[in-house]
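# pasting a predicted model and its sequence here:
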Amino acid sequence: MDSSATTRRLQHLSRHFKASNITTPPVRVTVTGAAGNIGYALVHMIGQGRLLGPNQQIILTLLELPMAKDQLEGTMMELRDCAFPILKEIRGTTQYDQGFMGCEIAILVGAKPRGPGMERKDLLAANARIFKEQGEALEKYASKNVKVLVVGNPANTNALITAQFAPSIPKSNFTALTRLDQNRAQSIIAQRVSANVEDVRNIIIWGNHSTTQFADVSQATVQQNGISQTVRGLVADDAWLQKAFVEQVAKRGGAIIEKRKASSAASAASAVCDHIHDWLIGTDNGTFVSMGVVTDGKLYGIKEQVCFSFPCICKDGNVKVVEGLKWDQFQQSMIDKTLKELLEEKEMAFSVVVTK
Ligand code: NAX
């Protein structure tokens, strides 16, 4: 391996394993749905130090439904058997008070899956009730500075509901996971232009974590041999970038289910770690990451309050949306489509949880 490749590899490792300067006291992290598909992979990655680095101790609470108590106990047994040094304590519970007491990072993975014959609006309603309860529980028991990441689908709308029912926690502390979509997009481009995946930067996922999401390469670059080139220039195929690529990213989850006969788990868990790591440790200079954030009426002219995925820069635990990027007609039409879906989801979900 040449020295520049070695340097790149070390930089990549340090990105994942950068030690946090907070070495004490331990951080309280809660994972809901911890015995499920994603939860099982995630709690082990957390034990390996993927969230906050290898020097930060964690008190990890696994929250599950009573009916998954055995799976929860089995997951905890395995987690203990890994003897991860950073896990100061491992707790398991099926109660919100014990699950969220003093929680500083809440990763809300548990959600009701879509059952046979279930309509989209039924799924929205079932999850709206769950995330209302979880918002209320966070309001009551969690740290007022808790950072919340919603993974359970429909993730953006669930995040909005959670924030709504935890009014004393700043709205900016609630986010939804679109990092998996970003990682998928980065990996597809890296393969297309034969680059290292970490050298592909600043692909943006706009909007909803759903098939209406828009993977946008207008700001994206690839570093090769010390030179930065635009993804558009390197790919030199706008038709592919605007259609096949966008669809491949948006439908990747379905393609995995078809092959694996099970939904994405390790890649979702890894994206959760990337999201929390970059949020709390900070994004690399000149790099932005995609996160679903709650709009404030000013961002990109979006007047309504929704949880919308934007390009973000993180520093000192704060998220700043990258503002001022201009959209052409194509981008505007894609963004209108995903915003429209989010507004419809919001209306359906809020009609269930908000009693007038
Ligand atoms: P699983 O069904 O394997 O696991 C879900 C777990 O959550 C179960 O163990 C269940 O007992 C638990 N659970 C359900 N309701 C709960 C509640 N109220 N409190 C605590 N625990 C609860 O699903 P899995 O494959 O792990 O997926 C979890 C969620 O992530 C799904 O909603 C899925 O659609 C969503 N995803 C979101 C992604 C994203 O990028 N935002 C990508 C991956 C995934 O599709």
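Yep, it's here. Numbering: from 1, shown residues only.

# which parts of stretch 307-319 are buried?
Counting neighbours by 16 or more other C-beta atoms under 10 Å, one finds that the buried residues in stretch 307-319 are 307-314, 319. Where you see a C-beta, it was placed from the backbone N, CA and C, and this is true even at glycine.

# those: which two are farthest apart?
In the buried residues of stretch 307-319, two members sit farther apart than any others by C-beta to C-beta. They are Cys307 and Ile313, at 18.1 Å.

# distance of Tyr158 from Trp206?
Heads up, residue 158 is Asn, not Tyr. Distance of Asn158 to Trp206, computed by C-beta to C-beta, to the nearest Å: 19 Å.

# show me where the stretch 1-150 of the chain has its strands.
Secondary structure of the stretch 1-150 of the chain (DSSP state E, counting those that start in this stretch): strands at 27-32, 58-63, 87-93, 105-108, 147-150.

# which of these sits most buried?
Among those, strand 105-108 has the highest mean neighbour count (mean count of other C-beta atoms under 10 Å), at a mean of 28.

# run the chain-centre distance for that strand.
Strand 105-108 sits 10 Å away from the centroid of its parent chain (C-alpha atoms, centre = their mean, to the nearest Å).

# ok, the closest residue to Gln71 other than its chain neighbours - how many residues close by?
Closest residue to Gln71 apart from its sequence neighbours, by C-beta to C-beta, 6 or more residues apart in numbering: Ala35 at 3.8 Å. Per other C-beta atoms under 10 Å, the neighbour tally for Ala35 reads 23.

# now stretch 124-132, how far from the centre of its chain.
Offset of stretch 124-132 from its chain centre (C-alpha atoms, centre = their mean): 19 Å.

# kindly apply the preceding question to stretch 277-287 instead.
Centre-to-centre, stretch 277-287 and its host chain are 14 Å apart (C-alpha atoms, centre = their mean).

# what's the first-to-last distance across that stretch?
End-to-end distance for stretch 277-287, by C-alpha to C-alpha, to the nearest Å: 14 Å.

# contacts for that stretch?
Contact partners of stretch 277-287, identified using C-beta atoms under 8 Å, 6 or more residues apart in numbering, comprise 15-16, 18, 20, 50-53, 105, 147, 149, 175, 201-202, 289, 291, 312-317, 319.

# rewinding a little: quick one, which of Asn158 and Trp206 is more surrounded?
Comparing Asn158 with Trp206 by other C-beta under 10 Å, the one with more neighbours is Asn158, at 29 against 24.

# which ones are touching the nearest residue to Gln305 once chain neighbours are set aside?
Spatial nearest neighbour of Gln305, chain neighbours left out: Thr295 (5.7 Å); criterion: C-beta to C-beta, 6+ apart. Contact analysis of Thr295 by C-beta under 8 Å, 6+ apart lists 302, 304-308.

# which ones are touching the closest residue to the ligand within the chain?
Closest to the ligand within the chain is Gly36: 2.0 Å, counting by C-beta to the nearest ligand atom. With contacts defined as C-beta under 8 Å, 6+ apart, Gly36 is in contact with 68, 109-110.

# residues in the stretch 251-356 of the chain within reach of the ligand, list them.
Residues of the stretch 251-356 of the chain lying close to the ligand (C-beta under 6 Å from any ligand atom) are 253, 263-265, 268.

# coming back round to it: got CSV for the contacts of Thr295, with secondary structure and pLDDT too?
Formatted as CSV, the contacts of Thr295 follow (DSSP: H, G, I helix; E, B strand; the rest coil; pLDDT from 0 to 100):
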residue, secondary structure, pLDDT
Ile302, coil, 95
Glu304, coil, 95
Gln305, coil, 96
Val306, coil, 98
Cys307, strand, 98
Phe308, strand, 98
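
# ok, those residues vs Val217, which is closest?
Closest approach between the contacts of Thr295 and Val217, by C-beta to C-beta: Phe308, at 18.8 Å.
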